[in-house]
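Chemist: With the input below, show me the fold.
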Amino acid sequence: MGIPCVLMFFWVVLVVGGSVLWVWTIVDCATKEPSEGNDKIIWILIIIFTHWVGALIYMTVRRPRRIAQYGR
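Modeler: Next up, the predicted model:
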């Protein structure tokens with residue numbers, strides 16, 4: 001195994017991991033986010049259009065606040 005194979009493996013793991021995080025975050029937001037106003041739809045659109053970056057933003061900004069506020 002040479003350097004290109006290791007880099008390719010790292011890249012595949014990163015892409016697959018980011019996609020899994022993205023899907024999991026969409027499901028989490030859609031099922032557990034309260035439907036007050038347009039918050040749920042706005043977060044889902046942010047996550048969908050910004051892919052894993054939006055998923056990370058949701059997981060670090062909104063999810064802890066939601067859990068503290070609503071306990072889920």
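
Chemist: got any ranges where this protein has weak pLDDT?
Modeler: 1-2 (pLDDT under 70).

Chemist: quick one: K40 and E33 touch, right?
Modeler: Yes. Using CB atoms under 8 Å, K40 is in contact with E33, at 4.4 Å. Just so you know, the C-beta spots here come from the backbone N, C-alpha and C atoms, and that holds for glycine as well.

Chemist: Looking at the two, which is more packed in?
Modeler: Ranked by neighbour count (other CB atoms under 10 Å), K40 and E33 place E33 first, with 20 against 16.

Chemist: Would you map the helices across this structure?
Modeler: 3-32, 39-57, 63-70 (DSSP state H).

Chemist: Mean neighbour count, those helices: which tops it?
Modeler: Mean neighbour count (mean count of other CB atoms under 10 Å) peaks for helix 39-57 among the helices of the chain, with a mean of 16.

Chemist: Okay, angle between that one and helix 3-32 too, please.
Modeler: Put simply, helix 39-57 runs at 150 degrees to helix 3-32, going by axes from the mean of the first three to the mean of the last three CA atoms, to 10 degrees.

Chemist: which helices and strands sit right next to helix 39-57?
Modeler: helix 3-32 (3 or more CB pairs under 8 Å, 6 or more residues apart in numbering; DSSP states H and E).

Chemist: what separates the helix it packs on from the chain centre, distance-wise?
Modeler: 9 Å (CA atoms, centre = their mean, to the nearest Å).

Chemist: Show me what it is packed up against.
Modeler: Going by 3+ CB pairs under 8 Å, 6+ apart, helix 3-32 lies up against helix 39-57.

Chemist: which residues sit against the helix it packs on?
Modeler: Residues outside helix 39-57 that contact it (CB atoms under 8 Å, 6 or more residues apart in numbering): 18-19, 21-22, 24-26, 29-30, 33-34, 58, 62.

Chemist: cutoff 7 Å now
Modeler: 18, 21-22, 25-26, 29-30, 33, 58, 62 (CB atoms under 7 Å, 6 or more residues apart in numbering).

Chemist: CA atoms of it as PDB?
Modeler: Only the C-alpha atoms of helix 39-57 are listed here, as PDB (Å, rounded to 0.1, in the frame of the first residue of the first chain):
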ATOM      1  CA  ASP A  39     -37.500  26.800  13.200                       C
ATOM      2  CA  LYS A  40     -37.700  23.100  12.200                       C
ATOM      3  CA  ILE A  41     -38.000  23.800   8.400                       C
ATOM      4  CA  ILE A  42     -35.300  26.400   8.500                       C
ATOM      5  CA  TRP A  43     -32.800  24.100  10.300                       C
ATOM      6  CA  ILE A  44     -33.700  21.200   7.900                       C
ATOM      7  CA  LEU A  45     -33.000  23.500   4.900                       C
ATOM      8  CA  ILE A  46     -29.700  24.700   6.400                       C
ATOM      9  CA  ILE A  47     -28.600  21.200   6.900                       C
ATOM     10  CA  ILE A  48     -29.700  20.000   3.400                       C
ATOM     11  CA  PHE A  49     -28.100  22.900   1.500                       C
ATOM     12  CA  THR A  50     -24.800  23.100   3.400                       C
ATOM     13  CA  HIS A  51     -24.300  19.300   3.800                       C
ATOM     14  CA  TRP A  52     -21.900  18.300   6.600                       C
ATOM     15  CA  VAL A  53     -21.100  21.900   7.500                       C
ATOM     16  CA  GLY A  54     -24.700  22.600   8.300                       C
ATOM     17  CA  ALA A  55     -24.900  19.300  10.200                       C
ATOM     18  CA  LEU A  56     -21.900  20.400  12.400                       C
ATOM     19  CA  ILE A  57     -23.500  23.800  13.000                       C
END
